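Undergrad: Generate a structure from the sequence data that follows.
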Amino acid sequence: MSKKKGRGRFIFFCLAPAVILFFIFMIVPTIDVFRMSLYKWGGYTAEKTFVGLENFKKLFQSDRFYQSFQNSILLIVIVTVVTFALAIIFAAILTREKLKGQTFFRVIFYIPNILSIVVISAIFSAIYDPTQGLLNSFLNLFRGENGIANPILWLGSQKIVIYSIVIAMIWQAIGYYMVMYMASMANIPESLYESASLEGAGRITQFFSITLPLIWTNIRTTLTFFVISTINMSFLFVKAMTNGGPDGASSVFLSYMYQEAYTNSSYGYGMAIGVVVFLFSFALAAILNAATKREEIEF
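TA: The predicted structure follows:
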């Protein structure tokens, strides 16, 4: 009995600091965001006016909010689908195929993940530069004088700016998830592939029948994590590359919240946006967990 009590005290004292810090820096600020969303406050004065749900009514009547919502959904869907598809394909190729310089390719793919978002944004901003950027310079080889006279404004056109950010986000994320999937694929017994080959299954059939099912738990976990983190990452890329422009065409959830709370001094309204983002993220995580749930396959 004394050993159990001693073990319980040891576990309590180990967990207590983490629980206290989590409560102070996560739970309390989250509750305060919900509270402040019910007030009209500029953020820099002591005057606060309780307005109830007025901030939320204003939010759902705002065209800028719906534009940022649409852009956020677009980024989440396109970036997630393309990143995970490429990461899994590259991981399968580097794991299953005998290629020269596999270690070199792993390092090259992973390098973007160790760079800061500001550095990556600066790199792509230079690539997208309309007059001296690498992308337009390459395209001008085919467009000729017309391309020089009418450069493509990759970050200045309302129609294509969001897709320019998509490319930067995909480039940044592929390597990290590719390495994670390579680690999972490396644990799959080679005997399973040998048996499948003897049965006449080709590489593609083996990939969908063996590889994907056996790493599905890892895919499911990383998928939920990536989709939620994309909401935060999109803000960092937008802030560093376009600041929401042109005319809000690249604005996303958090950039719109930041602008309202800290630029327009509508802190209460900004916190209302934060509440909506929090609830949306929570609901999205629950939907993804339910949609990707399947019987776990062991080997």
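Undergrad: where does the chain dip in pLDDT?
TA: 1-5, 147, 295-299 (pLDDT under 70).
Undergrad: Report all helices and strands that whichever helix in it runs longest contacts.
TA: Criterion DSSP state H: the longest helix present in the chain is helix 63-96. Here helix 63-96 touches helix 102-114, helix 161-186, helix 216-241, helix 253-258, going by 3 or more CB pairs under 8 Å, 6 or more residues apart in numbering; DSSP states H and E. To be clear about C-beta, it is placed using only N, CA and C from the backbone, and glycine gets the same treatment.
Undergrad: Quick one: distance of the third one to the chain centre.
TA: Centroid separation between helix 216-241 and its chain, computed with CA atoms, centre = their mean, to the nearest Å, is 2 Å.
Undergrad: what does the shortest one give?
TA: The gap between where helix 253-258 is centred and where its chain is centred comes out at 15 Å by CA atoms, centre = their mean.
Undergrad: Looks like residue 127 contacts residue 134 (just checking).
TA: Yes. If you go by CB atoms under 8 Å, residue 127 and residue 134 touch, sitting 4.8 Å apart.
Undergrad: Looking at the two, which one has more neighbours?
TA: residue 127 (17 against 13; other CB atoms under 10 Å).
Undergrad: for the more buried one, what are its contacts?
TA: For residue 127, the contacting residues are 133, 134, 135, by CB atoms under 8 Å, 6 or more residues apart in numbering.
Undergrad: any idea how far it lies from residue 246?
TA: 18 Å (CB to CB, to the nearest Å).
Undergrad: ok so, going back, how about the helices and strands packed on helix 63-96, which one is nearest residue 200?
TA: helix 161-186 (21.9 Å; CB to CB).
Undergrad: Compute the inter-axis angle for the longest helix of the chain and helix 161-186.
TA: 30 degrees (axes from the mean of the first three to the mean of the last three CA atoms, to 10 degrees).
Undergrad: how far off helix 102-114 does helix 63-96 point, in degrees?
TA: Using the same axes, to 10 degrees: helix 63-96 against helix 102-114 is 160 degrees.
Undergrad: Just say helix, strand or coil for the closest residue to residue 216 other than its chain neighbours.
TA: Counting by CB to CB, 6 or more residues apart in numbering, residue 294 is the residue found nearest to residue 216 once chain neighbours are left out, at 6.6 Å. Counting by DSSP: H, G, I helix; E, B strand; the rest coil, the backbone at residue 294 sits in coil.
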